[in-house]
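1. Pasting the sequence and the predicted model now:
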Amino acid sequence: MAASWNSMPLEVLYQVLGWTAFVSWSISFYPQVILNFRRKSVVGLNFDFVVLNLTKHSSYLIYNCVLYFSSAVQEQYYEKYGRGQMIPVAANDVAFSIHAVLLTAITLLQIAIYDRGTQKISRLSIVIVIAVWSAAAVCFFIALPHDSWLWLISVFNTIQVLMTMIKYIPQAVMNFARKSTDGFSIGNILLDFVGGMTNYAQMAVQSVDQGSWVNFYGNIGKTLLSFISIFFDLLFMCQHYILYPSRKAVWTTEKAVGKDYQEQLIKSADDAQTHIV
């Protein structure tokens, strides 16, 4: 028999934390989409970040859905880690993955229809995406004769970890080069940070209940996902609030000065008309 929960309060806490992570991560996509819509521009948003992110979430969706729904793959998981362990994918993981792929695709559509300035998707990102999916196809045909489906989805889990490691780099470098985070939503980052922290808390609750830390290395992709996301979230927060907060303040000051100058011109013109009369 597969493992079950030993503590009802911990099971409830596990579900609360899991769905909190789901809500935080899911909502984190909307600030950028809304910002793009309001500006009718995607200038400041790195296109490589979005393209790599779509590959990342697509591979994570495959891993979560297969491990959550396939009894054959779950059987292989129990054979590898023992029947005393719980499947490390929850319903909120599946829901998040579906939502993430959809919202990332919408963001990519915005890139296609809104003002892009001189920005474009780099050749390197295109090569990476093609290479990743080509490798995944090769792995599928390797797994097919031996029904090595757990190994195959672990490949997709590895892909999502690698994509998570590299997807943030283009945006971080772009912010550094521009010395600004304008056009890149900090709301996305703050919510992503909350999601990563609650995701770790959820995994810890399951480990405490089961008296085992297999949950962390049995789903190493989920563990590394949160760690890498939290690291880059902190980096983006540092860029936005500490390193490059002045650009927006300067723009606001210049706008205020320009408005005052216009008001002075209008007042001068009115005075001139009064003297003429």
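-> Cool, got the structure.
2. Might one say that residue 216 is in contact with residue 210?
-> No: between residue 216 and residue 210 there is no contact, the gap being 11.2 Å when judged by CB atoms under 8 Å. Bear in mind the C-beta positions are built from the backbone N, C-alpha and C, glycine included.
3. Quick one: residues contacting residue 47.
-> 111, 116, 119-122, 125 (CB atoms under 8 Å, 6 or more residues apart in numbering).
4. Give the ChimeraX command for selecting the buried subset of the residues you listed.
-> In ChimeraX, a selection of the buried entries from these looks like this (16 or more other CB atoms under 10 Å):
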select :111,116,119,121,125
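5. Return the subset of the contacts of residue 47 lying in strands.
-> Members of these lying in strands (criterion: DSSP state E): none.
6. Out of the contacts of residue 47, which comes closest to residue 156?
-> The closest of those to residue 156 turns out to be residue 125 (CB to CB; 19.1 Å).
7. measure the closest residue to the closest one other than its chain neighbours to residue 36 for me?
-> Among residues not flanking residue 125 along the chain, residue 48 sits closest, at 4.2 Å (CB to CB, 6 or more residues apart in numbering). From residue 48 across to residue 36, the span is 16 Å (CB to CB, to the nearest Å).
8. these two touch, right, residue 49 and residue 173?
-> No: if you go by CB under 8 Å, residue 49 and residue 173 don't touch, sitting 10.1 Å apart.
9. Between these two, which has more neighbouring residues?
-> Using other CB atoms under 10 Å as the criterion, residue 49 and residue 173 rank with residue 49 on top: 21 against 12.
10. how near is that one to residue 92?
-> 24 Å.
11. Ok, residue 236 next?
-> In this view, residue 236 and residue 92 are 24 Å apart by CB to CB.
12. Repeat that for residue 61.
-> In this view, residue 61 and residue 92 are 13 Å apart by CB to CB.
13. Quickly list what's touching both of these two.
-> With CB under 8 Å, 6+ apart, residue 61 and residue 92 have no common neighbours.
14. any chance you could map the helices in the stretch 1-150 of the chain?
-> For the stretch 1-150 of the chain, the helices defined by DSSP state H, counting those that start in this stretch cover 8-27, 30-39, 47-69, 71-81, 91-113, 123-143, 149-178.
15. how much does the fifth one deviate in direction from helix 30-39?
-> Going back to what we said before, that points to helix 91-113. Put simply, helix 91-113 runs at 20 degrees to helix 30-39, going by axes from the mean of the first three to the mean of the last three CA atoms, to 10 degrees.
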